[in-house]
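1. I'll drop the sequence and a predicted model, then ask my questions.
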Amino acid sequence: MTRSILILGGTADARILAGKLAEDSGYRILLSMAGRTLSPVEQPVPMRSGGFGGATGLADFIRFESFDILVDATHPYAAGISANAIEAAQLARVPLVALSRPAWQHQPGDRWQSVDTIGQAVTALGDEGKRVFLALGRQELLPFEAAPQHSYIIRSVDPVEPPLKVPDARYMTARGPFMLDDEIRMLEKNRIETVVSKNSGGSASYGKIEAARRLGLTVIMIERPPLNDANGANVPDVATALTAIRHQFSLFEKRGE
């Protein structure tokens, strides 16, 4: 019997997990992306793009398409989608596996200033002009127009259109992973004083954090929203997610489903 898995994606972990599951011919897999990235990387399984219409719409989609398991492998900051996933799994009566990689931990030598929101990050930059590296999604940059005294270096996967209405902003389009030595050279070349980052976790974008530590730079760290417990179904990595999914399918077999 072919088992069906719906993966809510948005991270490299989602792509890796989908690829691992695709190696087993006994699974039908659909990877759903929010559609915010203009040029997403090629995926190893069939993909859809766009929303579902909230938790109820997601539950209806799961039932109509006869999915057996829902996997939430969205970005750690996609709190609304994750909350919808928990509710939808309950409504559709399917197991939920939530893949949430651990946050980065403060290390000796780090100069982090923790904030909860983008707006607080803007305020934390202060009134005196600084050279700032913004390592944020292009959709989260607009609040920095309120602090035009700073010089910004902005890196994003897609071009920032329209550009920020500030006197001094330069843009880089690039997709990780980013290596430590390259990050050190980039920060030094641009004479960066402060890095603004989300605590995304994982290794692909950690280079800038370690580079800032080595260069003695301040990092304004936007902390994660509170983690929903997903009924105890949270797992920290792809390997554990695979184990959890296979365990759920083994339970189906025992119950004769």
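-> Looks like it came in fine.

2. only C-alpha atoms for contact and neighbour calcs from this point on.
-> Will do.

3. who touches the one helix or strand Val195 maps to?
-> Using DSSP states H and E, Val195 sits in strand 194-198. The contact list for strand 194-198 (C-alpha atoms under 8 Å, 6 or more residues apart in numbering) reads 121, 130-136, 212, 217-224.

4. filter those down to the buried ones.
-> With burial judged by 16 or more other C-alpha atoms under 10 Å, the buried subset of those is 121, 130-136, 212, 217-224.

5. Arg185 versus Leu134, what's the distance?
-> 16 Å (C-alpha to C-alpha, to the nearest Å).

6. same question but for Val160, I mixed them up
-> 23 Å.

7. those two: which is more packed in?
-> Legend: neighbour count by other C-alpha atoms under 10 Å for Val160 and Arg185, higher for Val160 (17 against 12).

8. what sits against the more buried one?
-> 138, 171.

9. that one belongs to a strand?
-> No: using DSSP: H, G, I helix; E, B strand; the rest coil, the assignment for Val160 is coil, not a strand.

10. which outside residues touch the longest helix along the chain?
-> Ranked by number of residues, the top helix in the chain under DSSP state H is helix 238-255. The contact list for helix 238-255, computed with C-alpha under 8 Å, 6+ apart, reads 3, 13, 16-17, 21, 69, 95, 97-99, 235.

11. same deal with stretch 212-226?
-> By C-alpha under 8 Å, 6+ apart, stretch 212-226 touches 76-77, 79, 109-118, 121, 124, 184, 187, 192-200, 209.

12. right, and Leu58 touches Gly50 too?
-> No: contact criterion C-alpha atoms under 8 Å: Leu58 and Gly50 do not qualify, at 11.3 Å.

13. what about those two, which has more around it?
-> A direct count of neighbours by other C-alpha under 10 Å for Leu58 and Gly50 places Leu58 higher, at 22 against 10.

14. in whichever helix or strand the more buried one is part of, which residues are buried?
-> According to DSSP H and E, Leu58 maps onto helix 54-64. Buried residues in helix 54-64, counted by 16+ other C-alpha under 10 Å: 55-56, 58-63.

15. one more: stretch 226-245?
-> Going by 16+ other C-alpha under 10 Å, stretch 226-245 has these buried residues: 230, 233-235, 237-238, 241-242, 244-245.

16. ok, stretch 19-26 next?
-> Leu21.

17. could I get it in PDB with only the CA atoms?
-> The C-alpha trace of stretch 19-26 is given here as PDB (Å, rounded to 0.1, in the frame of the first residue of the first chain):
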ATOM      1  CA  GLY A  19      14.800  13.500  -1.100                       C
ATOM      2  CA  LYS A  20      15.400  10.800   1.600                       C
ATOM      3  CA  LEU A  21      11.700   9.800   1.600                       C
ATOM      4  CA  ALA A  22      11.700   9.700  -2.200                       C
ATOM      5  CA  GLU A  23      14.300   7.000  -2.100                       C
ATOM      6  CA  ASP A  24      11.600   4.700  -0.800                       C
ATOM      7  CA  SER A  25       9.200   3.900  -3.700                       C
ATOM      8  CA  GLY A  26       6.400   3.100  -1.200                       C
END
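
18. circling back to that earlier point, strands - which of the buried ones among the contacts of strand 194-198 land there?
-> 131-135, 218-222 (DSSP state E).

19. pLDDT weak spots in this structure?
-> Where the chain drops to pLDDT under 70, the residues are 1, 25, 35-41, 227-232, 256-257.

20. and Ala98, how many neighbours?
-> Applying other C-alpha under 10 Å, we find 28 residues neighbouring Ala98.

21. next one: phi and psi at it?
-> Torsion angles at Ala98 (phi, psi; degrees, to the nearest 10) stand at phi -110, psi 110.

22. mind exporting the C-alpha coordinates of the longest helix of the chain to PDB?
-> Output in PDB follows, covering the C-alpha atoms of helix 238-255 (Å, rounded to 0.1, in the frame of the first residue of the first chain):
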ATOM      1  CA  VAL A 238      16.100  15.100   9.300                       C
ATOM      2  CA  ALA A 239      17.200  11.700  10.600                       C
ATOM      3  CA  THR A 240      14.900  11.900  13.600                       C
ATOM      4  CA  ALA A 241      12.000  13.100  11.300                       C
ATOM      5  CA  LEU A 242      12.600  10.000   9.100                       C
ATOM      6  CA  THR A 243      12.400   7.800  12.200                       C
ATOM      7  CA  ALA A 244       9.200   9.500  13.400                       C
ATOM      8  CA  ILE A 245       7.500   9.100  10.000                       C
ATOM      9  CA  ARG A 246       8.400   5.500   9.700                       C
ATOM     10  CA  HIS A 247       7.200   4.900  13.200                       C
ATOM     11  CA  GLN A 248       3.900   6.400  12.400                       C
ATOM     12  CA  PHE A 249       3.500   4.100   9.400                       C
ATOM     13  CA  SER A 250       4.400   1.100  11.500                       C
ATOM     14  CA  LEU A 251       1.600   2.000  13.800                       C
ATOM     15  CA  PHE A 252      -0.800   2.100  10.900                       C
ATOM     16  CA  GLU A 253       0.300  -1.400  10.000                       C
ATOM     17  CA  LYS A 254      -0.200  -2.700  13.500                       C
ATOM     18  CA  ARG A 255      -3.700  -1.200  13.500                       C
END
